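> Quick one, structure for this:
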Amino acid sequence: MSDWKRTTREISFEKLPPAMVSAINQHVEKYNLGPILSDALMCVQTDSEKPKKGLFGKAESVQMGMVVTPRWLVWAITGTTLREVVVLSAQLSHITVQDYAQTPFAKMVSDSGMEVSGIFSDARESASAFIALEAGGAGKKCRDVVIQAAQNAKK
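As a prediction, the model looks like this:
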């Protein structure tokens, strides 16, 4: 069982935290991605909380906002250990997406979400990222939508 308590909810892009909306818009502009957010299949926000453990442990919180379109995946992360919102994006045709529970890492570190591997917008080499999502509800729906969209983008 993960140390993190995650809550994922489906929302509109405009309902993400203002700093996240701004950072995503700046990212889209910086990488000349065009009007990719106009045909969103789904937008979610995941709030993750990790309680303080032990004498020297610290409580942590992380917010993640994600937009999936028929061709793109864009996600932003902010939290107690980050000074600013970090945004990543990838064309779905250039990445592989799988349920984190199906990866070898899940046997070592229990958690829920997606593993995304491939070429991201600001990278020259293949990279991998974990995107945290609630195990059920909107988190499961989001995983299914992203995996299906990635498969469709490769057709």
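> so is Thr8 in a helix, a strand, or just coil?
Under DSSP: H, G, I helix; E, B strand; the rest coil, the three-state class of Thr8 is strand.
> who does it bridge with?
Beta bridges link Thr8 to Thr46, judged by DSSP bridges.
> Now for it: which residues touch it?
By Cβ atoms under 8 Å, 6 or more residues apart in numbering, Thr8 lies in contact with 44-46, 133-134, 137-139, 142. Any C-beta I mention is one placed from the backbone N, CA and C, and that applies to glycine too.
> lowest average confidence, helix or strand, in the chain?
Least confident element among the helices and strands of the chain, by mean pLDDT, DSSP states H and E: helix 105-108 (a mean of 86).
> follow-up on the earlier one: can you flag the buried ones in the contacts of Thr8?
Neighbour-count burial (16 or more other Cβ atoms under 10 Å) applied to these gives 44-46, 133-134, 138-139, 142.
> Contacts only, for the spatially closest residue to Asn152 that is not a sequence neighbour.
In this structure, Asn152 finds its nearest non-sequential neighbour in Pro70, 6.9 Å apart by Cβ to Cβ, 6 or more residues apart in numbering. Contact analysis of Pro70 by Cβ under 8 Å, 6+ apart lists 39, 41, 92, 149, 152-153.
> Tell me the one among these nearest to Ser117.
For these, the minimum distance to Ser117 (Cβ to Cβ) is 12.3 Å, reached by Leu92.
> The closest one and Leu73: what is the separation?
6 Å (Cβ to Cβ, to the nearest Å).
> distance between the helix ranked longest in the chain and the chain's centre?
Secondary structure of the chain per DSSP state H: the longest helix is helix 137-153. Its chain's average C-alpha position is 12 Å from that of helix 137-153, according to Cα atoms, centre = their mean, to the nearest Å.
> try stretch 135-153
Taking mean C-alpha positions (Cα atoms, centre = their mean), stretch 135-153 and its chain are 11 Å apart.
> Strands along this structure, start to end?
5-10, 42-50, 60-68, 72-79, 86-91, 95-99, 113-118, 127-132 (DSSP state E).
> That concludes my questions; thank you for your assistance.
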